[in-house]
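Q: no FASTA, just this:
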């Protein structure tokens, strides 16, 4: 998300339900979630009826198993990223809430036996604004990418991971609102600025997350 410009003040509305099976994150997919929406008037958040969230109506995202190691360098050049279905259905937060984003954003999810990976490409015709900072600095006048994982899909607890184009990062855990930045998980991230925009990769070990022991699981994920 670009915090300084209306060109990409976007988010994925508001919760993606990712299905986790015994072998890892092998998601049930809704093909419509990978298609950009047509311009139109402001719409209700997907997955809601009269403002109330409904699991069965939520968009779906697919996680793809990686068959080779992923180098977390922001390049997105591993084979798995070409196979993974991109999430592209992003809507603006500001200035035109719920309107389609004006710059293309692609987010993909992958996994192996040890971790979940998130790869994102942010196409941007404007200037990319990086900012070097210490860990856990909040949002500011710079581009950033945020992933929130609700591994119990209970809408109570979320694990939050942020990175900006310079590689500065923030992490927090939230239970019922806000975010506790004293939680310092071990995870990796890489970013790269190009002529087309900027890209990011995250590696989040399963060991840093808590989730149930169910054979088939439903996770929530929010991307900004």
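A: Nice, I can see it. Fair warning: this is a prediction, and the values are worked out from it, not measured in the lab. Numbers count the residues shown, from 1 in each chain.

Q: Show me where the chain has its strands.
A: With DSSP state E as the criterion, the chain has strands at 10-11, 16-20, 48-49, 52-53, 63-65, 91-92, 105-111, 115-123, 145-150, 157-163, 169-175, 188-194, 197-205, 217-223.

Q: Need these in CSV (columns: mean neighbour count).
A: C-beta here means a position set from N, CA and C on the backbone, and glycine is covered the same way. Converted to CSV, the strands of the chain look like this (neighbours: other C-beta atoms under 10 Å):
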stretch, mean neighbour count
strand 10-11, 22
strand 16-20, 23
strand 48-49, 12
strand 52-53, 11
strand 63-65, 20
strand 91-92, 22
strand 105-111, 24
strand 115-123, 23
strand 145-150, 21
strand 157-163, 21
strand 169-175, 19
strand 188-194, 18
strand 197-205, 22
strand 217-223, 21
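
Q: Columns mean pLDDT on top of these, output as a markdown table?
A: Output for the strands of the chain, formatted as a markdown table (pLDDT from 0 to 100):
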| stretch | mean pLDDT |
| --- | --- |
| strand 10-11 | 42 |
| strand 16-20 | 42 |
| strand 48-49 | 60 |
| strand 52-53 | 65 |
| strand 63-65 | 89 |
| strand 91-92 | 84 |
| strand 105-111 | 94 |
| strand 115-123 | 95 |
| strand 145-150 | 91 |
| strand 157-163 | 91 |
| strand 169-175 | 86 |
| strand 188-194 | 95 |
| strand 197-205 | 96 |
| strand 217-223 | 81 |
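
Q: now those strands in JSON lines, with distance to residue 75?
A: Formatted as JSON lines, these follow (distance: least, C-beta to C-beta, whole Å):
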{"stretch": "strand 10-11", "distance to residue 75": "23"}
{"stretch": "strand 16-20", "distance to residue 75": "24"}
{"stretch": "strand 48-49", "distance to residue 75": "37"}
{"stretch": "strand 52-53", "distance to residue 75": "36"}
{"stretch": "strand 63-65", "distance to residue 75": "17"}
{"stretch": "strand 91-92", "distance to residue 75": "28"}
{"stretch": "strand 105-111", "distance to residue 75": "13"}
{"stretch": "strand 115-123", "distance to residue 75": "9"}
{"stretch": "strand 145-150", "distance to residue 75": "15"}
{"stretch": "strand 157-163", "distance to residue 75": "15"}
{"stretch": "strand 169-175", "distance to residue 75": "18"}
{"stretch": "strand 188-194", "distance to residue 75": "6"}
{"stretch": "strand 197-205", "distance to residue 75": "7"}
{"stretch": "strand 217-223", "distance to residue 75": "20"}
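
Q: from what I can see residue 137 touches residue 171, true?
A: No. The pair residue 137 / residue 171 is not scored as a contact, 11.5 Å apart, by C-beta atoms under 8 Å.

Q: quick revisit: quick one, which of the strands of the chain is nearest to residue 73?
A: Residue 73 sits nearest to strand 188-194 of all the strands of the chain, at 4.2 Å, using C-beta to C-beta.

Q: now that closest one against strand 115-123, angle please.
A: With axes from the mean of the first three to the mean of the last three C-alpha atoms, to 10 degrees applied, the angle from strand 188-194 to strand 115-123 works out at 20 degrees.
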